[in-house]
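*Asks:* Sequence plus predicted model, see below.
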Amino acid sequence: MAKDEVTLQKTAKFAVIDVPGVSQPKIEVAAKANKDGLQGRRAKAASGARIDDSKVQLIGGQSFVKRTANPAWIKKREETYERIYALRGEELATKKRVDIKVTMPDGNVLEVDKAGESFKAWETSPYKVAVVISQGLADAAIVARVTYDGHVADYNLAEDGMVGDDLMVDEMGAANDVNPHSVLWDMTRPLIGNVSKMEFLKFDDPDAKTTFWHSSAHMMGEAMEHLFGSRLTIGPPLEGGFYYDSYMGSDAIKEDDYKPVQQEVNKIIKKKQKFQRLVVTKEEALEIFEGNPFKEQLINNKIADGTRTTVYKCGDLIDLCRGPHVNHTGKVKAFAATRHSATNWLGDTENDSLQRMYGISFPDKKMLKAWLENQEKAKARDHRRIAMQQQLVMFHDLSPGSAFWLPYGTRIYNKLIDFIKGFYWKKGYDEIITPNIYNLDLWHQSGHALHYEDAMFSFDVEGAKWAMKPMNCPGHCLMFGNSIRSYRDLPLRLADFGVLHRNELSGALTGLTRVRRFQQDDAHIYCRDDQIEEEVLGALNFMKEVYDIFGMTYKLELSTRPEKALGEHALWDRAEAALANAMNQFAGEGGWRVNPGDGAFYGPKIDIKVMDAMARVHQCATVQLDFQLPIRFDLKYNTGSKEKGKEFERPVMVHRAMLGSVERMFAVLCEHWGGKWPFWISPRQIMIIPVHAEWKEFCESVRSKLHDLGFYAEVDTSKATFQKKVRTAQVDQYNLQLVVGQKEVENNSVNIRTRENKVEGEMKVDDFIAKCIKMRDEYQ
């Protein structure tokens with residue numbers, strides 16, 4: 001197989017979700033030092049200057065000189081748009097208004113509107129269809145998901161600007177596959193064929209949220225143009241909101257800008273500006289965005305000559321965009337500018353410096369109020385703050401992105417690993433240990449080097465290029481292929497807590513959620529085709545046990561064959577059916593959803609999205625099938641068949657992780673529990689407090705008994721008052737305080753208080769030890 005046939009797709013298994021936040025401290029360097037390690041740079045093994053002046057591409061220039069409210073180019077751009085809009089209107093007038101039918105999810109077929117007029121291609125929109133059902137539904141729907149039987153004869157994808165790159169999304173590194181038959185569709189955009197399934201999505205649907213926040217980004221961009229004359233670049237939706245990057249020369253966004261932006265967006269909301277879609281040629285796009293060098297670069301680099309793309313208009317904002325969008329700006333009822341940061345064009349520090357503003361919006365003011373309250377809670381629960389307060393983790397500029405685990409933090413880290421290892425023993429996994437460094441030939445064989453090499457720490461070893469491993473899978477394939485395997489050996493479950501390194505951009509490093517050094521509860525299951533369903537079900541049950549103990553809920557999504565998938569369709573179909581059957585057994589039919597075309601190129605996957613105590617979504621656990629690595633490493637097992645050509649088969653490889661990276665899970669759990677660690681995993685379980693110094697010896701004997709049983713117990717021998725000792729232990733998050741006075745010494749007992757200052761009373765030492773063992777064993 002040629003190397004250029006494989007495209008590495010970063011999935012939850014191979015990449016950590018970028019949670020925006022405070023980055024690691026910058027390294028202070030002298031003016032003449034190289035720029036490795038600065039914001040946006042990857043760490044480099046070589047020394048010396050990295051930037052080649054000939055490659056520096058600063059294009060912003062004089063496109064922004066100073067803040068200018070409502071600059072003249074806004075009006076000129078709008079005039080150009082209106083002229084082109086009239087031309088497209090003439091094209092639309094030539095389209096044939098043939099009758100179409102729309103089938104709803106319940107099988108009901110609709111053919112006429114409220115007035116009894118037939119639905120027409122190029123005329124009837126999803127909004128008009130929704131009105132037939134109810135006006136309330138039409139008004140509540142954010143976007144439609146439309147599955148077409150086929151398109152009318154005079155519809156052409158290229159003519160409609162739907163062939164080629166989605167300029168905004170592609171630059172952000174997201175998937176860019178267009179399914180011409182099932183697509184998110186503006187509620188006001190005319191339909192172009194018979195619809196086999198029409199779904200109306202409200203704000204609680206993930207696709208609707210994405211659409212809503214994408215539209216909100218446009219509204220914030222419009223406000224920034226009005227107030228500052230910013231040159232907008234890219235403004236995508238995120239998992240929880242949106243941002244817009246803009247070029248402002250040497251100027252910078254400040255917190256003082258938040259209120260004016262919010263006020264301007266509120267004006268835009270009240271105007272109920274319609275979102276209007278327009279197809280434009282490359283030449284027309286360049287004319288519309290004349291003077292914005294960033295849009296011009298996107299157009300010149302991404303749109304082929306003689307082809308078309310799409311733009312959207314709301315108010316006087318016009319932006320390159322594939323859509324879809326909400327009906328009008330009035331759909332947004334509440335908006336807030338949330339924070340800002342500096343970044344660079346296309347994420348490269350050799351490019352122009354940009355200003356990024358983040359925002360959030362909702363269709364209800366109460367939702368914004370609840371969100372703001374959760375943000376305040378999140379600040380208090382931020383794992384970076386708690387880790388510092390509780391002396392769990394530290395970072396240092398001499399190794400950015402790699403945590404220094406302090407004694408108390410190491411206790412939690414090791415407990416998480418031991419927690420998973422306990423399940424491994426019960427569930428038939430074999431733990432293995434693999435090397436940390438490999439010759440780069442391994443990563444060429446696996447296909448990762450072609451697209452992942454920049455994210456690897458590589459170095460020279462005796463004239464050959466080596467690298468630290470960023471993942472375990474290729475090494476596990478070497479181990480599988482080292483022996484002759486029989487069908488009787490399968491399934492083979494190999495688990496590895498090996499240390500992994502990824503050369504993340506320093507500007508992307510965020511506490512423990514985005515790091516360079518980490519460990520995963522990584523395991524790979526090699527199985528036969530007929531074992532896929534059972535192994536996937538086993539992995540899902542494993543996941544349930546883990547997250548039930550954590551007190552977290554979860555949702556499942558099946559991501560199916562993408563357009564650029566490798567392997568035979570029949571194999572994909574069997575694998576997807578096996579995953580679906582396992583998910584039905586696990587969650588019941590309707591207990592999970594499908595993400596069509598969102599699988600990895602090497603196999604379908606189950607995305608497991610867990611919710612913490614603040615209802616935030618995290619993607620930590622994962623189950624993925626892989627057909628390609630067994631091919632690349634020529635893995636085989638003996639089938640036991642004597643029939644020629646059927647003596648050997650390839651195993652299916654299942655990538656699975658329950659925690660994901662231990663570092664990230666530590667951060668998630670820290671914020672989920674707010675630093676109040678449950679007793680079983682707590683690094684500070686018991687503080688023994690003598691009422692008087694003369695009882696110290698008894699306290700030490702109790703501590704020794706607890707210590708010998710693996711509990712974290714300490715004695716407060718300080719000169720502080722009794723009340724101060726109790727309060728300090730509670731603030732330091734000791735789960736239990738044992739108060740010892742003369743009576744307790746005489747009775748061989750302890751007096752128990754909880755972290756919440758609940759007095760549980762006196763208990764014999766042996767009974768207390770039994771209580772601790774029970775709490776630990778039952779994960780309390």
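*Replies:* Perfect, I can see it now. Worth saying up front: this structure is predicted, and the values here are computed from it rather than measured.

*Asks:* quick one, helices of the stretch 101-250 of the chain?
*Replies:* 126-133, 135-140, 167-171, 206-228 (DSSP state H, counting those that start in this stretch).

*Asks:* for the shortest one, what is the average pLDDT?
*Replies:* Same thing as helix 167-171. On average, the pLDDT along helix 167-171 is 49.

*Asks:* Just say which of the helices of the stretch 101-250 of the chain is most tucked in.
*Replies:* Among these, helix 206-228 has the highest mean neighbour count (mean count of other Cβ atoms under 10 Å), at a mean of 24. Using the backbone N, CA and C atoms, a C-beta is placed for each residue, glycine as well.

*Asks:* Now for the protein, the helix or strand with the poorest mean pLDDT.
*Replies:* Sorting the helices and strands of the chain by mean pLDDT, DSSP states H and E puts helix 167-171 at the bottom, at a mean of 49.

*Asks:* Distance from the chain centre to whichever strand or helix holds residue 523, please.
*Replies:* Under DSSP states H and E, the secondary-structure element containing residue 523 is strand 517-527. Chain-centre distance of strand 517-527: 19 Å, with Cα atoms, centre = their mean, to the nearest Å.

*Asks:* So what touches the helix or strand just after it?
*Replies:* The element immediately downstream of strand 517-527 (helix or strand, assigned by DSSP H and E) is helix 532-550. Residues outside helix 532-550 that contact it (Cβ atoms under 8 Å, 6 or more residues apart in numbering) are 419-420, 423, 427, 491, 525, 527, 553-554, 556, 574-575, 578-579, 581-583, 585-587, 606, 608, 610, 621, 623, 625, 652, 654, 656, 658-659, 669, 672, 779.

*Asks:* on that earlier part again, give the partner strands of the strand holding residue 523 in its sheet and their orientations.
*Replies:* Strand 517-527 has the following strand partners under DSSP bridges: strand 492-496 (antiparallel), strand 499-501 (antiparallel), strand 652-661 (antiparallel).

*Asks:* Next, the angle from it to helix 532-550.
*Replies:* Using axes from the mean of the first three to the mean of the last three Cα atoms, to 10 degrees, the direction of strand 517-527 lies 140 degrees away from that of helix 532-550.

*Asks:* any idea of the pLDDT on the closest residue to residue 129 other than its chain neighbours?
*Replies:* Nearest residue to residue 129, sequence neighbours excluded (Cβ to Cβ, 6 or more residues apart in numbering): residue 102, at 5.2 Å. For residue 102, the model assigns a pLDDT of 97.

*Asks:* next one: residue 347
*Replies:* Listed pLDDT for residue 347 reads 82.

*Asks:* Kindly report the same for residue 712.
*Replies:* Residue 712 is assigned a predicted lDDT (pLDDT) of 97.

*Asks:* isn't it right next to residue 686, touching?
*Replies:* Yes - between residue 712 and residue 686 there is a contact under Cβ atoms under 8 Å: 6.9 Å.

*Asks:* more crowded one of those two?
*Replies:* Comparing residue 712 with residue 686 by other Cβ atoms under 10 Å, the one with more neighbours is residue 686, at 25 against 19.

*Asks:* The spatially closest residue to the more buried one that is not a sequence neighbour: what's it in contact with?
*Replies:* Distance criterion Cβ to Cβ, 6+ apart; nearest residue to residue 686, sequence neighbours excluded, is residue 713 at 4.1 Å. Listed by Cβ under 8 Å, 6+ apart, the contact set of residue 713 reads 685-688, 702-703, 706-707.

*Asks:* Any of those buried? List them.
*Replies:* Using 16 or more other Cβ atoms under 10 Å as the burial test, the contacts of residue 713 include 685-688, 702-703, 706 as buried.

*Asks:* now, among those residues, which is nearest to residue 521?
*Replies:* The shortest approach to residue 521 among these belongs to residue 685, at 23.4 Å (Cβ to Cβ).

*Asks:* mind checking how far that closest one is from residue 417?
*Replies:* 18 Å (Cβ to Cβ, to the nearest Å).
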